[in-house]
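> Okay, sequence plus prediction incoming.
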Amino acid sequence: MIPYGRQDINQQDVDAVVEVLSSNWLTQGPKVPAFEQGVCNYTGAKFAVAVNSATSALHIACLALGVGPGDRVWTSPITFVASANCALYCGAEVDFVDVDPNTGNMSPEALRIKLIQAKSQGTLPKVVIAVHLCGHSCDMAAISALSDEYGFKIIEDAAHAIGSRHGGHRLGSCHYSDITVFSFHPVKVITSAEGGMATTNCADIAAKLVAYRSHGIVKSPDEMVRPDEGGWYYEQHDLGFNYRMTDLHAALGLSQLSRLEHFVTERNRLAVIYDSKFSDLPLTPVDPLPGSESARHLYMIRLHQSERRREIFDTLRAKGIQVHVHYFPVHLNPYYLERGFKEGDLVHAEAFYQEILTLPLYPALTASDQQRVIDELATCLA
């Protein structure tokens, strides 16, 4: 089976994990802050907070921005469910902004229209979560301008997008946002096996993220409410969670980070090959915005014969090619239908979903395997 994505682990990665296994610190040791600093150095963000998953990072990002009951959070419907669920974890309401029909990313124009209506009704969002589908940046300059006008905070869900750039800035720099969230799941651009990270340029937000990832506990004497009773003393100030990353995971992530640029280069090289081979086929690649650079977590196409997608999907799977679909619109999941959403609410997202297919893309994809994907897809579309 040719998978749609796969981790790339080398001996350096193995050695990094074994070194931690042989050390005195399996968790809460020096590798987590080293990984955090590495991501800060790479993205240009002032602070980074490592956690056990991007889902956890999204949750505490919402909490750090004060999201709670009575608040509204808006996100994209073309994403994994965690992008929306994180608002519900905080007791807030969630709603969706329709996508650009070409990119599948949040449409700034749809956002603007929805904001105008919400302002007239007194229902503006507290936070907008912009999702960088495939590693392709949303139009963050436009979304940031709307944030300035309407007063909402921005979380970038960059689970697909470490290594991407927009407007001359690396995603994760938080140039256009309050917090950016990364994922290090095995199929992502780099992996820590499981793990996530939130970056920010605000010291107060960073402190809240750190507390929320570890039971809401603070240990700094400057933050104590009661008198400091000694070196053992700590205080719980909020209802936090056990979302910590271990040193084992951080060591792997830090090792992988050293090869991030290589991974991004390879992913883009393979994407260019796909593009060149598909010019005469009845499909349209989902491309990054002009002037941006994508980490190319996914290579996604839009089929012109969308009614044949299930047939094409099943045929390619039967031939050992693990194509995929990213994603079924969040608002059409039964859980969200029960919350009042319905088919037809987000027409561009629903139409986009009907057309899309994800093809295998990862740095170790061989030339022969990629050509096999191309040939089999061409046969299906003939």
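The structure has been received and is ready for your questions.

> Please enumerate the helices of the stretch 151-300 of the chain.
Shown for the stretch 151-300 of the chain, the helices assigned by DSSP state H, counting those that start in this stretch span residues 203-213, 247-257, 260-277.

> tell me the average confidence for the last one?
When pLDDT is averaged over helix 260-277, the result is 98.

> and it, what other elements does it pack with?
Here helix 260-277 touches strand 283-285, strand 299-303, helix 367-381, going by 3 or more CB pairs under 8 Å, 6 or more residues apart in numbering; DSSP states H and E. Quick note: C-beta positions are derived from backbone N, CA and C, even for glycine.

> Identify the residues contacting that helix?
8, 42, 162-164, 189-190, 285, 293-297, 299, 359, 361-363, 365, 370, 374, 378 (CB atoms under 8 Å, 6 or more residues apart in numbering).

> Can you give me the separation between the most centrally placed residue in the chain and D15?
With distances taken as CA atoms, centre = their mean, the residue of the chain nearest its centroid is A159 (1.8 Å). Applying CB to CB, to the nearest Å, the value for A159 to D15 is 27 Å.

> Same question for A318.
From A318 across to D15, the span is 40 Å (CB to CB).

> Over to Q371?
Going from Q371 to D15 by CB to CB gives 34 Å.

> still on that earlier bit, please pick the buried ones from the contacts of helix 260-277.
Using 16 or more other CB atoms under 10 Å as the burial test, the contacts of helix 260-277 include 8, 42, 162-164, 189-190, 293-297, 299, 359, 361-363, 365, 370, 374 as buried.

> So I312 sits against L357, correct?
Yes. Between I312 and L357 there is a contact at 6.9 Å, judged by CB atoms under 8 Å.

> And the two? Which one has more around it.
L357 (22 against 19; other CB atoms under 10 Å).

> what about the more buried one, which SS state?
At L357 the chain is in strand, as set by DSSP: H, G, I helix; E, B strand; the rest coil.

> Okay, domains of this structure per the record?
The chain resolves into domains spanning 11-257, 260-381 when parsed by automatic domain parsing.

> From the chain's centre, how far out is the last one? Work that out for me.
Mean C-alpha position of domain 260-381 versus that of the full chain (CA atoms, centre = their mean, to the nearest Å) differs by 17 Å.

> what do you get for the first one?
Here domain 11-257 is found 9 Å from its chain centre; the criterion is CA atoms, centre = their mean.

> quick one: average confidence on it?
97.

> What is the neighbour count of A351?
By other CB under 10 Å, the residues close to A351 number 14.

> Y327 in helix, strand or coil?
Three-state call for Y327 (three-state DSSP): coil.

> Report the spatially closest residue to A349, excluding sequence-adjacent ones.
Nearest non-adjacent residue to A349, counting by CB to CB, 6 or more residues apart in numbering: P77, 4.3 Å away.

> how far away is the nearest residue to C202 once chain neighbours are set aside from C134?
What sits nearest to C202 in space, not counting adjacent residues and going by CB to CB, 6+ apart, is D178, at 6.8 Å. Here the criterion is CB to CB. By it, D178 lies 23 Å from C134.
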